[in-house]
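**Q** Predicted model, plus sequence, below.
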Amino acid sequence: MALLEMKDVRGGYGDADILHGVSMTVGEREIVVIVGPNGAGKSTAMKSVFGLLTIRGGNIVFDGEDITGWAPDRIVQRGICYVPQVDNVFREMTVHENFEMGAFLRRGDLAAAYDRIYGLFPDLKAKRRNLAGDLSGGQRQMVAMGRALMLDPKLLLLDEPTAGLSPKYMEQIFQITRDVRDAGVSILLVEQHAKQALAFCDRGYVLATGANRHEGSGQALLADREVAEMFLGG
Ligand SMILES: Nc1ncnc2c1ncn2[C@@H]1O[C@H](COP(=O)(O)OP(=O)(O)OP(=O)(O)O)[C@@H](O)[C@H]1O
């Protein structure tokens with residue numbers, strides 16, 4: 001059984017539906033990427049998992065439990081964390097304070113959690129007393145991921161984590177995402193850099209106009225002529 005299963009999800013932000021029947025799964029320790037043209041509903045599909053949408057049809061099952069219609073705070077407690085594309089760090093706080101904020105829901109000894117996070121993001125250990133707002137875009141993205149990981153989620157949702165980053169930082173974020181997966185966390189992410197994202201993910205979905213178009217392993221989607229012509233620029 002998949003960790004996350006969205007079945008025929010329909011809904012939107014207000015009265016109008018943006019998703020017209022989106023289905024996808026994320027398995028244990030799997031990196032799944034959502035790609036597709038601008039306005040396809042990629043971010044909206046991800047937000048539906050985090051309770052940020054009015055869902056008018058279909059359902060979302062996480063770890064054996066139907067979470068359709070749950071509020072985000074309850075979804076976080078259940079084991080899903082979401083990293084939005086923008087405004088995802090407290091810029092006026094240090095790196096370490098950002099991680100402390102991430103841990104606010106957590107009880108007990110946090111030392112092991114900090115060790116784990118600084119182990120995943122060694123670059124940030126040296127910068128732990130720096131203000132997040134003074135870091136590069138790539139490092140801020142790492143702070144945002146680290147803050148979410150302080151809650152020890154089973155599933156991490158990343159909305160365009162490489163947006164605006166140089167190719168070097170994009171590769172670094174992808175590598176860290178793999179490390180996070182290898183540490184036992186499943187990942188669903190939205191990406192604009194479709195070719196690079198399909199090359200690095202385990203599985204992918206191509207969405208268009210709020211519905212599924214293609215799915216398969218990243219390699220299979222890259223090799224698919226229609227996907228290449230319609231969605232990857234030939
Ligand atoms: N908060 C919102 N309120 C109302 N409509 C929204 C909201 N966010 C997005 N939309 C609309 O939903 C549609 C899908 O947007 P979404 O951001 O999911 O697309 P996307 O595939 O992620 O595209 P992009 O790559 O451009 O971000 C668009 O028509 C957009 O205008």
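**A** Here it is on my side, so go on. Numbers count the residues shown, from 1 in each chain.
**Q** interface residues of this structure facing the ligand?
**A** Counting by Cβ under 6 Å from any ligand atom, the chain comes close to the ligand at 13, 18, 36, 38-44, 190, 192. Using the backbone N, CA and C atoms, a C-beta is placed for each residue, glycine as well.
**Q** Need the contact partners of stretch 88-107.
**A** 76-77, 110, 113-114, 117, 124, 127-133, 135, 140-141, 143-144, 146-152 (Cβ atoms under 8 Å, 6 or more residues apart in numbering).
**Q** now swap in stretch 8-20 and tell me
**A** With Cβ under 8 Å, 6+ apart as the test, stretch 8-20 has contacts from 21-23, 41, 44-45, 48, 53-60, 209-211.
**Q** ok, back up a step: redo the residues of the chain next to the ligand as JSON lines? Include secondary structure, pLDDT and neighbour count.
**A** Listed next are those as JSON lines, based on DSSP: H, G, I helix; E, B strand; the rest coil; pLDDT from 0 to 100; neighbours: other Cβ atoms under 10 Å:
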{"residue": "Y13", "secondary structure": "coil", "pLDDT": "92", "neighbour count": "12"}
{"residue": "I18", "secondary structure": "coil", "pLDDT": "96", "neighbour count": "21"}
{"residue": "G36", "secondary structure": "coil", "pLDDT": "95", "neighbour count": "26"}
{"residue": "N38", "secondary structure": "coil", "pLDDT": "92", "neighbour count": "6"}
{"residue": "G39", "secondary structure": "coil", "pLDDT": "93", "neighbour count": "12"}
{"residue": "A40", "secondary structure": "coil", "pLDDT": "95", "neighbour count": "21"}
{"residue": "G41", "secondary structure": "coil", "pLDDT": "96", "neighbour count": "24"}
{"residue": "K42", "secondary structure": "helix", "pLDDT": "96", "neighbour count": "26"}
{"residue": "S43", "secondary structure": "helix", "pLDDT": "96", "neighbour count": "18"}
{"residue": "T44", "secondary structure": "helix", "pLDDT": "96", "neighbour count": "22"}
{"residue": "V190", "secondary structure": "strand", "pLDDT": "97", "neighbour count": "25"}
{"residue": "Q192", "secondary structure": "coil", "pLDDT": "92", "neighbour count": "16"}
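**Q** Which of those sits closest to F231?
**A** Comparing those against F231 with Cβ to Cβ places G36 closest, at 6.5 Å.
**Q** ok, now which ones touch that closest one?
**A** In this structure, G36 makes contact with 42, 194, 206-208, 213, 231, judged by Cβ under 8 Å, 6+ apart.
**Q** pLDDT-wise, what's the bottom of the residues you listed?
**A** Ranked by pLDDT, these bottom out at F231, which has 83.
**Q** Could you list everything the residue nearest to that residue when sequence neighbours are not counted pairs with in the sheet?
**A** Nearest non-adjacent residue to F231, counting by Cβ to Cβ, 6 or more residues apart in numbering: V206, 5.5 Å away. Beta bridges link V206 to V35, H214, judged by DSSP bridges.
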